[in-house]
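Novice: fold the stuff below for me.
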Amino acid sequence: MWQKFWAWYERTYTLNVSIALGLFVLQIIHLIWLFGEVVWAKAFGTPLFELSDIHRLFIVLVDYTEIPALIAVSLIYINELREDWSTKNV
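Specialist: Numbering: from 1, shown residues only. I've put the predicted structure just below:
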């Protein structure tokens with residue numbers, strides 16, 4: 001089963017890396033919101049900006065992409081280590 005999975009993963013490597021990249025780019029949006037509204041408000045008493053309810057819903061949805069992003073990038077690292085266990089890959 002694992003051999004079939006890794007064979008598929010290597011055949012679709014570019015797609016998998018592209019998906020991981022897209023998920024991490026979404027996380028940049030989340031980090032900007034986190035800094036500008038939450039952290040800034042805690043540090044200085046008032047946020048740099050406040051999002052409307054619809055934008056806050058978008059941020060919540062983006063926040064839920066964090067776990068798939070971590071899994072996708074972990075698979076990239078595991079695949080590299082699986083192919084060549086070297087200090088460079090570690």
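
Novice: got the contact list for residue 33?
Specialist: Residue 33 makes contact with 51, 59 under the criterion CB atoms under 8 Å, 6 or more residues apart in numbering. C-beta coordinates here come from the backbone N, C-alpha and C atoms, glycine included.

Novice: and it, what element?
Specialist: helix 13-33 (DSSP states H and E).

Novice: which residues does the helix or strand following that helix contact?
Specialist: For helix 13-33, the succeeding helix or strand toward the C-terminus, using DSSP H and E, is helix 40-44. Outside helix 40-44, the residues that touch it by CB under 8 Å, 6+ apart are 46-48.

Novice: with respect to residue 64, which of those is nearest?
Specialist: Nearest to residue 64 among the contacts of helix 40-44: residue 47, at 22.1 Å, using CB to CB.

Novice: let's test this: name the helix or strand in the protein with the lowest mean pLDDT.
Specialist: The helix or strand of the chain with the lowest confidence, counting by mean pLDDT, DSSP states H and E, is helix 66-83 at a mean of 90.

Novice: return the set of buried residues in it.
Specialist: 69, 72-73, 75, 79 (16 or more other CB atoms under 10 Å).

Novice: and which of the residues you listed is nearest residue 15?
Specialist: Nearest to residue 15 among the buried residues of helix 66-83 is residue 72, at 10.7 Å by CB to CB.

Novice: quick one: contacts for the closest residue to the closest one other than its chain neighbours?
Specialist: Spatial nearest neighbour of residue 72, chain neighbours left out: residue 20 (3.7 Å); criterion: CB to CB, 6 or more residues apart in numbering. Going by CB under 8 Å, 6+ apart, residue 20 touches 69, 72-73, 75-76.

Novice: ditto for residue 49
Specialist: Here residue 49 is in contact with 36-37 (criterion: CB under 8 Å, 6+ apart).

Novice: phi and psi next, for it.
Specialist: Here is the backbone geometry of residue 49 (degrees, to the nearest 10): phi -150, psi 160.
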